[in-house]
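[1] following is a predicted model, sequence given first.
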2 protein chains.
Amino acid sequence: MKKRIVFDVLNNDNGQIKAIQAAKKFISENPDYQLILVGDANVINKELGEFKNNIEVVDNNFIVSIKESPRDVLRQKSSMSEAFEILAEDKADAILSSGDSGAYITLSSLKVKRLNGISRPAFMPIVPSLSLKNFLLLDCGANINIKEEFFLEWAKVASVYYKLINNSDETPKIGLLNLGTEDYKGDEVHKAANNLLKNYETDQFNYYGFIEPGQAISGDFQIVLADGYGGNIFLKTMENTFSGFGKLLKNIIYKNLFTKISGLWLKPGLRKMKNRYDYRNTGGAYIVGLNKVVVKAHGGSDEIAFYNALNQVKKALENDVINKLQQNLGQDNE
Amino acid sequence: MKKRIVFDVLNNDNGQIKAIQAAKKFISENPDYQLILVGDANVINKELGEFKNNIEVVDNNFIVSIKESPRDVLRQKSSMSEAFEILAEDKADAILSSGDSGAYITLSSLKVKRLNGISRPAFMPIVPSLSLKNFLLLDCGANINIKEEFFLEWAKVASVYYKLINNSDETPKIGLLNLGTEDYKGDEVHKAANNLLKNYETDQFNYYGFIEPGQAISGDFQIVLADGYGGNIFLKTMENTFSGFGKLLKNIIYKNLFTKISGLWLKPGLRKMKNRYDYRNTGGAYIVGLNKVVVKAHGGSDEIAFYNALNQVKKALENDVINKLQQNLGQDNE
């Protein structure tokens, strides 16, 4: 049976075309997949051309939006919501969208079943570190109100994802983001979580303890646990400092003829660095803890970003991550 | 009467000498100040030389340390603790140390009286933004458990500091750091604080609403409010991303002869950028909300950093910030 991905193409800052182009590229390389695009059928069908027969289209021209409360999404018959319906009815194995994170997380929580033993799904991007390795950061915005056991559950889930994403049997090293490394620092929930993780015996991961942002950035850890608020502040600060630094550097290079020529010599290295920290190359974020593969692409995704996000979905499906997680968490609960 | 600063010189990663050198430089330029150095009297007296008659020395060779709980500091007769005693007995108007932040905050809270109308002191560094302006960030690690009214109190205090530090009558624009700009985002305390600040009428500051890290980094706001946890994660992430980016850039420049020569052409611009983000040039952090001037220098301070921190203390004293705050907060409570 073909693996099926439902793809909400309506929600993107750059319009639908980039998403549709990525879908075409993906399906031409992966004929064993079934893609269901949800969005403006007029635009999609026009853009699909010869791919019309390979890609299913669901017409929905309503962009999800949150005005007052995340619950707004439930009242809207949006493309995102319709994509989740398709997933919930088991007509797809995975979902992809670049729409509003808050809406996506809310719909994920309400429309998709959680895995056994998981209290809350978590938003888990793949983050480039200063070393050559990426790390998994979770949670990164889905959960503001947290309990200590969430962190242990997320540690278990992320460990399975880590091995899968990196095709590796290496036991990941996990740190818990906090405002200091000492055990006495942080609020009661963080301290309880640290304690819980330190005393939890497993061969699935190595829990190190509290870590500060610098240790996460340097790439010493394969998985960084955080509450949704702290993880979100951390990631956005890192991204914005990096891009801001890039702009300052550009100004320095554009100053005069000599600096411009110097910039040319440095260009290959700088481009490599920029690519390394380009969200388009690390792909989207997983929403984990659910019994379906849920991937969120960046709001400003272009064709490359969407294509990579589709491959990220593929990786999870090919590796049968949901079943592996179910087994893993099941064993654990016995 | 001379203005008096008590300076705990014992607590620094680089030993006492740098702190003592900075003290000498400061006192030679500011003979109307009285400095009281607390530390190893043998080392201090040897280093002071001809300055022995201008600078008071209190012998204490015990470095503060927290093992189990911040309350440890109360049981230790450390140099930091002794410096706070001197302040508490009103033998000094201000205190400076580069010692452990946790210990410093704990002692500040316990040994120094709070200003009228202030529930909790806050840790407030001056942070360089991507624009040419610095912003004040508070709280940045002192308060993990927060209430909505703290943010309003800190907004009032920081507004007075902002005008003083910048010799400006400009009304500062204030944002509250959160994981999104929408009013419905964040936990209950953040939402309540946002509401409280939005409905508070004052000509002391302009409250904008929730902001994300990128808006703080870009320099759009003069004051950034945060809970101690989020503020701390934000600042450390910014600092570590910036220094990490610098290291990557260095590797690119050191690659071969041509890139090295290119690096030379870019050096003036790069050095300027580095200086701009060098903590030594923005000075230490204020601990605000107390009825004394309390400044924390960076743990790795050198002579320049300490000298700037002493001048930061001076600025607060010369501008009579404590009285101004008392008046301001007093009016407000009427």
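    Good, I have the coordinates. All figures in this text were calculated on a predicted structure; none of them were measured in a lab. Numbering: from 1, shown residues only, chains lettered A, B, ... in the order given.
[2] would you confirm that A:Thr171 contacts A:Phe205?
    Yes: applying C-beta atoms under 8 Å as the test, A:Thr171 and A:Phe205 come out as touching, 6.1 Å apart. (Each C-beta comes from the backbone N, C-alpha and C, glycine too.)
[3] who has more neighbours, these two?
    A:Phe205 (21 against 15; other C-beta atoms under 10 Å in any protein chain shown).
[4] leaving out chain neighbours, which residue sits closest to the more buried one?
    A:Ser159 (4.4 Å; C-beta to C-beta, 6 or more residues apart in numbering or on different chains).
[5] which parts of the stretch 201-334 of chain A sit against chain B?
    Counting by C-beta under 8 Å from any C-beta of the partner chain, the stretch 201-334 of chain A comes close to chain B at A:212-214, A:217-218, A:228-230, A:232-234, A:236-242, A:244-245, A:247-249, A:251-253, A:255, A:258-259, A:261-266, A:269-270, A:273.
[6] so who does the residue nearest to A:Phe205 touch?
    A:171-172, A:174, A:204-205, A:223 (C-beta atoms under 8 Å, 6 or more residues apart in numbering or on different chains).
[7] over to it. Which of the three states is it?
    helix (DSSP: H, G, I helix; E, B strand; the rest coil).
[8] just the pLDDT at it, thanks.
    Turning to A:Ser159, the model gives it a pLDDT of 96.
[9] could you export the contacts of A:Ser159 as a markdown table, including pLDDT and secondary structure?
    Putting those into a markdown table (pLDDT from 0 to 100; DSSP: H, G, I helix; E, B strand; the rest coil) gives the following:
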| residue | pLDDT | secondary structure |
| --- | --- | --- |
| A:Thr171 | 96 | coil |
| A:Pro172 | 97 | coil |
| A:Ile174 | 98 | strand |
| A:Gln204 | 94 | coil |
| A:Phe205 | 96 | coil |
| A:Ile223 | 98 | strand |
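[10] show me where the stretch 51-200 of chain A has strands.
    A:55-59, A:94-97, A:122-128, A:134-138, A:173-177 (DSSP state E, counting those that start in this stretch).
[11] go through the ones you listed and name the closest to chain B.
    strand A:173-177 (6.8 Å; C-beta to the nearest C-beta).
[12] interface residues of the stretch 51-200 of chain A facing chain B?
    A:66, A:68-70, A:102, A:130, A:141, A:144-145, A:177-180, A:182, A:184-187.
[13] show me which of the residues you listed are buried.
    A:66, A:70, A:102, A:130, A:141, A:144, A:177-180, A:182, A:184-187 (16 or more other C-beta atoms under 10 Å in any protein chain shown).
[14] among the helices and strands of chain A, which has the poorest mean pLDDT?
    helix A:279-282 (a mean of 66; mean pLDDT, DSSP states H and E).
[15] and stretch A:35-45, C-alpha only, in CSV?
    What follows is stretch A:35-45, C-alpha atoms only, in CSV (Å, rounded to 0.1, in the frame of the first residue of the first chain):
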residue,chain,number,x,y,z
LEU,A,35,-0.1,13.0,-1.8
ILE,A,36,-3.3,14.8,-0.9
LEU,A,37,-3.0,18.6,-1.3
VAL,A,38,-5.5,20.7,0.5
GLY,A,39,-5.9,24.3,-0.7
ASP,A,40,-7.4,26.4,-3.5
ALA,A,41,-8.2,23.7,-6.1
ASN,A,42,-8.1,26.3,-9.0
VAL,A,43,-4.5,27.3,-8.3
ILE,A,44,-3.4,23.7,-7.5
ASN,A,45,-4.9,22.1,-10.6
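[16] in that stretch, what counts as buried?
    For stretch A:35-45, by 16+ other C-beta under 10 Å, it's A:35-40, A:43-45.
[17] go on, stretch A:104-114?
    A:104-109, A:111-112.
[18] turn these into JSON lines, columns for distance to B:Ser98.
    Formatted as JSON lines, these follow (distance: C-beta to C-beta, whole Å):
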{"residue": "A:Tyr104", "distance to B:Ser98": "45"}
{"residue": "A:Ile105", "distance to B:Ser98": "42"}
{"residue": "A:Thr106", "distance to B:Ser98": "46"}
{"residue": "A:Leu107", "distance to B:Ser98": "50"}
{"residue": "A:Ser108", "distance to B:Ser98": "47"}
{"residue": "A:Ser109", "distance to B:Ser98": "46"}
{"residue": "A:Lys111", "distance to B:Ser98": "53"}
{"residue": "A:Val112", "distance to B:Ser98": "51"}
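[19] tabulate those (a markdown table), appending pLDDT.
    Output for those, formatted as a markdown table (pLDDT from 0 to 100):
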| residue | pLDDT |
| --- | --- |
| A:Tyr104 | 92 |
| A:Ile105 | 92 |
| A:Thr106 | 92 |
| A:Leu107 | 94 |
| A:Ser108 | 94 |
| A:Ser109 | 92 |
| A:Lys111 | 93 |
| A:Val112 | 95 |
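[20] mind checking which of these are in helices?
    In this view, those that belong to helices under DSSP state H are A:104-109, A:111.
[21] can you name the next helix or strand after the longest helix along chain A?
    Longest helix of chain A, by residue count under DSSP H: helix A:228-253. Scanning forward in sequence from helix A:228-253 by DSSP states H and E, the next helix or strand is helix A:257-276.
[22] residue contacts, whichever residue of the stretch 51-200 of chain A sits closest to chain B?
    Using C-beta to the nearest C-beta, the closest approach of the stretch 51-200 of chain A to chain B is made by A:Leu179 at 3.9 Å. Neighbouring residues of A:Leu179 by C-beta under 8 Å, 6+ apart: A:185-186, A:212, B:141, B:144, B:228-229, B:232-233, B:236.
[23] and what of A:Asn14?
    Per C-beta under 8 Å, 6+ apart, neighbours of A:Asn14: A:300-302.
[24] what sits against A:Ile287?
    Applying C-beta under 8 Å, 6+ apart, the residues near A:Ile287 are A:104-105, A:108, A:121-124, A:142, A:294-296.
[25] ok, and the most crowded of the residues you listed?
    A:Ala122 (32 neighbours).
[26] I'd assumed A:Gly141 was in contact with that residue.
    No: look at A:Ala122 against A:Gly141 with C-beta under 8 Å: they stay out of range, at 9.1 Å.
[27] list residues touching both of the two?
    The contact lists of A:Ala122 and A:Gly141 share A:Gly228, where a contact means C-beta under 8 Å, 6+ apart.
[28] who does A:Val288 form a beta bridge with?
    Beta bridges link A:Val288 to A:Ala122 when assigned by DSSP bridges.
[29] quick check, central residue of chain A?
    A:Ala285 (0.5 Å; C-alpha atoms, centre = their mean).
[30] remind me what the helix or strand encompassing A:Ile322 packs against, helices and strands.
    Assigned by DSSP H and E, A:Ile322 falls within helix A:321-333. The contact analysis (3 or more C-beta pairs under 8 Å, 6 or more residues apart in numbering or on different chains; DSSP states H and E) places helix A:321-333 against helix A:148-165.
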